[in-house]
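Undergrad: need a structure here:
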Amino acid sequence: MASTNNVTELIFTGLFQDPEVQRVCFVVFLPVYLATLVGNGLIVLTISVSKSLRSPMYFFLSYLSFVEISYSSTVVPKFVTDLLAKVKTMSMKGCLTQIFFFHFFAVAEILLLVVMAYDRYVAICKPLHYMNIMSRQLCHMLVAGSWLGGFLHSIIQVAITIPLPFCGPNVIDHYFCDLHPLFKLACTDTFVEGVIVLANSGLISIFSLLILVSSYIIILAHLRNHSAEGRRKALSTCASHITAVVLFFIPASFIYMRPSSTFTGDKLVAVFYTVITPMLNPIIYTLRNAEVKTAMRKLWAKKEKLGIGE
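TA: Numbers count the residues shown, from 1 in each chain. You can find the predicted model right below:
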């Protein structure tokens with residue numbers, strides 16, 4: 001009798017079947033990925049060298065941009081190169097590695113967004129104690145907690161997948177390795193595993209969303225006592241954060257907080273949060289933030305001067 005785990009290689013159906021459409025997608029998604037790397041890389045660089053961006057808000061933003069680069073890099077390079085390949089394959093070990101890092105960075109990002117909401121709450125509701133509460137030590141602990149949360153979440157996801165028997169079909173109806181499409185290939189009922197994934201992803205999402213919504217309700221209630229100018233300034237810093245949360249949470253919740261299905265629609269929603277959202281974050285945070293724009297201009301001017309000096 002054949003071994004229950006004789007599937008060593010997986011084949012992806014990809015996003016679309018038509019080679020012409022795939023080439024168009026390549027031309028669209030490669031620049032999007034490069035823009036993600038450049039945009040988020042610029043934010044990390046600007047915050048690390050600029051003396052004016054030393055507040056905790058920017059410390060968290062630089063980590064968020066780093067996570068965006070890592071998160072999209074677990075899926076997009078392989079996805080983009082596969083758009084030009086006739087047969088899209090990945091080893092089973094590669095698949096499990098992709099699942100681990102994809103979920104690790106996704107949950108680290110969710111928790112960082114929660115941390116950033118807490119930072120905005122302290123800045124707006126307790127401005128006089130802001131620097132005491134958001135000490136360097138606490139900021140480092142909050143970032144470490146985000147990484148740890150992502151790690152624990154991913155370990156659970158992979159630990160329930162490794163023991164599953166895969167004995168025959170090896171075609172995944174997706175463009176990257178994720179749990180629900182992989183579960184469909186298992187030669188056993190994966191109902192329990194599906195429930196664990198739903199609970200694991202669902203609890204993190206619901207818990208995070210509750211904290212995010214409550215922090216913004218408290219902030220909005222607190223802002224009623226501020227002057228119109230104070231309200232406008234506070235809301236402009238919050239607006240970027242709320243936009244980033246909505247863009248990340250809604251598509252991800254659509255995929256993970258309901259029973260699995262394989263509609264092309266699901267894959268298109270996944271494209272939104274794996275390819276598009278990581279590119280939008282730098283735009284959201286820099287367009288609405290005068291300090292970041294000024295620091296970027298200074299950095300650019302410094303670079304120009306050095307260029308002339310050479």
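
Undergrad: make it CA atoms for all contacts and neighbour counts henceforth
TA: Fine.

Undergrad: what ranges does this structure have for its helices?
TA: Taking DSSP state H as the criterion, the chain contains helices spanning 19-49, 56-73, 76-82, 92-125, 130-133, 136-161, 179-183, 191-223, 228-256, 264-271, 277-287, 290-309.

Undergrad: flag every buried residue along the third one.
TA: Of the residues in helix 76-82, those with enough neighbours to count as buried (16 or more other CA atoms under 10 Å) are 76, 79, 80, 82.

Undergrad: try stretch 194-211
TA: Result for stretch 194-211 [16+ other CA under 10 Å]: buried residues 194, 197, 198, 200, 201, 202, 204, 205, 208, 209.

Undergrad: ok, the residue nearest the centre of the chain - contacts?
TA: Nearest residue to the geometric centre of the chain (CA atoms, centre = their mean): residue 106, 4.4 Å. With contact taken as CA atoms under 8 Å, 6 or more residues apart in numbering, residue 106 is in contact with 71, 150.

Undergrad: burial measure for residue 224, as a count.
TA: 11 (other CA atoms under 10 Å).

Undergrad: what is the neighbour count of the spatially closest residue to it that is not a sequence neighbour?
TA: Spatial nearest neighbour of residue 224, excluding adjacent residues (CA to CA, 6 or more residues apart in numbering): residue 231 at 7.7 Å. Residue 231 has 16 neighbouring residues, counting by other CA under 10 Å.

Undergrad: same check on the one 10 residues further on?
TA: Counted with other CA under 10 Å, the burial measure for residue 241 works out to 20 neighbours.

Undergrad: now residue 190
TA: 17.

Undergrad: check contacts around it.
TA: Applying CA under 8 Å, 6+ apart, the residues near residue 190 are 183, 184.

Undergrad: and it, what pLDDT?
TA: Looking at residue 190, its pLDDT stands at 90.

Undergrad: got it, and residue 135?
TA: 95.

Undergrad: then the one 4 residues further on?
TA: According to the per-residue confidence, residue 139 scores 97 in pLDDT.

Undergrad: contact partners for it?
TA: Here residue 139 is in contact with 56, 59, 60 (CA under 8 Å, 6+ apart).

Undergrad: next: residue 66.
TA: 40, 41, 44.

Undergrad: same thing but 7 Å
TA: 40, 44 (CA atoms under 7 Å, 6 or more residues apart in numbering).

Undergrad: any weak-confidence spans in the stretch 201-310 of the chain?
TA: Flagging of the stretch 201-310 of the chain using pLDDT under 70 yields the residue ranges 256-264, 303-310.

Undergrad: and with 90 instead?
TA: 201-210, 212-213, 216, 219-270, 272-273, 281-310 (pLDDT under 90).

Undergrad: start to end distance for stretch 38-57?
TA: 21 Å (CA to CA, to the nearest Å).

Undergrad: give me the distance from that stretch to the chain's centre.
TA: Centre-to-centre, stretch 38-57 and its host chain are 19 Å apart (CA atoms, centre = their mean, to the nearest Å).

Undergrad: give me the contact list for it.
TA: 58, 62, 65-66, 69, 116, 119, 134, 139, 282, 295-296, 299.

Undergrad: with stretch 150-157 instead?
TA: 100, 103, 104, 105, 107, 108, 197.

Undergrad: which one among those residues gets closest to residue 87?
TA: residue 100 (23.6 Å; CA to CA).

Undergrad: burial count for residue 114?
TA: Residue 114 has 24 nearby residues by other CA under 10 Å.

Undergrad: kindly report the same for residue 192.
TA: 10.

Undergrad: now the closest residue to residue 122 other than its chain neighbours: how far from residue 279?
TA: Nearest non-adjacent residue to residue 122, counting by CA to CA, 6+ apart: residue 130, 5.9 Å away. Applying CA to CA, the value for residue 130 to residue 279 is 30 Å.

Undergrad: have a look at these two and say which one is more surrounded.
TA: residue 279 (24 against 18).
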